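Peer 1: Got a predicted model here, sequence first, then my questions.
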Amino acid sequence: MPELPEVETTRRGLIPWMRGATIADLVVREPRLRWPIPADLAVRLRGRVVTDLTRRGKYLIVSLDKGALIVHLGMSGSLRVVGPEVPPGPSEPFDLVLAGASPMAVRMRDPRRFGALLFSEDPLHHPLIAPLGPEPLEAGFDGAYLRARGRGRTIAIRDLLLNGHIVAGIGNIYANEALFEAGIHPGRAAGRISADRYEVLAQAVIAVLSRAVEAGGTTLKDFAGSDGRPGYFQLQLRVYGREGRPCPRCATPIARLSGGGRSGYYCLKCQR
DNA sequence: AAGTTGACCTGAGGGC
DNA sequence: TGCCCTCAGGTCAACT
């Protein structure tokens, strides 16, 4: 599920609830996520104050008066605000309980358990965060940067975009959508794309991600924002998941790139 | 070094 | 209806 726009949607929804709040407790029902939730985490968190909620790529960083939580939603994760009376369902590994006049909890749902909840004294230097590439919606990301990273390489351009150490936050949906918008074939070797086309691609990445953030992310199956409402960007998808349907530009049926990992969708006429 | 594949999990959907 | 197979929004580790 969650790529940059979905994580950003979650972050924006949680800010009013979390910023300035005191953590009353962490209730762990299932510690076996991508990495185990540290056993002593609840003890460390009780009484801590949330000073800020930020995002780096697909990671949420909950800054505390001492240290920070690092949250990743994996493939199937979401965070929702619930009242204390709402009983937890299956696949809901933890609640972060916040104190206040009307106490509430931030509840994680993660059926596939590819998500993570970790603690760090210095999150920006954490081994998962430090190697991330630039944020695509901030300065430092442009065509020249992408071209420099792709220079001389035979890797498919889609896989370059999916590598968080090259650029942070892009997943399979938005990589495919941006490549369509830029008219570039997802399998094209990264080293065989002109400077001009790299500039078009970088702008397409920025445009697609910005529109998706505005729409509240993409809900294909089960993504929900912190208020439980879905995103709406799936209505604007032009190629992802649309094999056989007409290309919005030329009406040629959308093709699917199979073989080797995750699938790619593209128009074989518009994208070279 | 760069590229490719497997691994980690659950649940949904299609075919028979 | 039910079983089995395939696939899914991520990404690290271990191979070639």
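Peer 2: Great, that's in hand. Residues are numbered from 1 along each chain as shown, chains lettered A, B, ... in the order given.
Peer 1: what's the burial count for the residue in the stretch 151-272 of chain A positioned nearest to DNA strand C?
Peer 2: Using CB to the nearest atom of the strand, the closest approach of the stretch 151-272 of chain A to DNA strand C is made by residue A:171 at 2.0 Å. In this view, the C-beta of every residue, glycine as well, is placed from N, C-alpha and C. Residues near residue A:171, counting by other CB atoms under 10 Å, number 21.
Peer 1: residues contacting it?
Peer 2: A:2-4, A:58, A:162 (CB atoms under 8 Å, 6 or more residues apart in numbering).
Peer 1: ditto for residue A:271
Peer 2: Residues near residue A:271 by CB under 8 Å, 6+ apart: A:179-180, A:183-186.
Peer 1: restrict those residues to those near DNA strand B?
Peer 2: When contact is defined as CB under 7 Å from any atom of the strand, those do not meet DNA strand B at all.
Peer 1: Residue A:205 contacts residue A:136, correct?
Peer 2: Yes. Residue A:205 is within contact range of residue A:136, at 5.3 Å (criterion: CB atoms under 8 Å).
Peer 1: Tell me how far whichever residue of the stretch 1-150 of chain A sits closest to DNA strand B lies from residue A:90.
Peer 2: For the stretch 1-150 of chain A, the residue closest to DNA strand B is residue A:112, as judged by CB to the nearest atom of the strand, at 3.3 Å. Applying CB to CB, to the nearest Å, the value for residue A:112 to residue A:90 is 12 Å.
Peer 1: more neighbours, those two?
Peer 2: residue A:112 (13 against 9).
Peer 1: Which residues are in contact with the more buried one?
Peer 2: When contacts are counted by CB under 8 Å, 6+ apart, residue A:112 touches A:74-76.
Peer 1: Pull up the distance across stretch A:203-222, start to finish.
Peer 2: One end of stretch A:203-222 to the other measures 29 Å (CA to CA, to the nearest Å).
Peer 1: quick one: it to chain centroid distance?
Peer 2: 10 Å (CA atoms, centre = their mean, to the nearest Å).
Peer 1: And for stretch A:14-22?
Peer 2: 21 Å.
Peer 1: okay, how far is it across it, tip to tip?
Peer 2: 14 Å.
Peer 1: pLDDT on that stretch, on average?
Peer 2: Stretch A:14-22 carries an average pLDDT of 97.
Peer 1: buried stuff in that stretch?
Peer 2: For stretch A:14-22, the neighbour count (16 or more other CB atoms under 10 Å) marks A:14, A:17-18, A:21 as buried.
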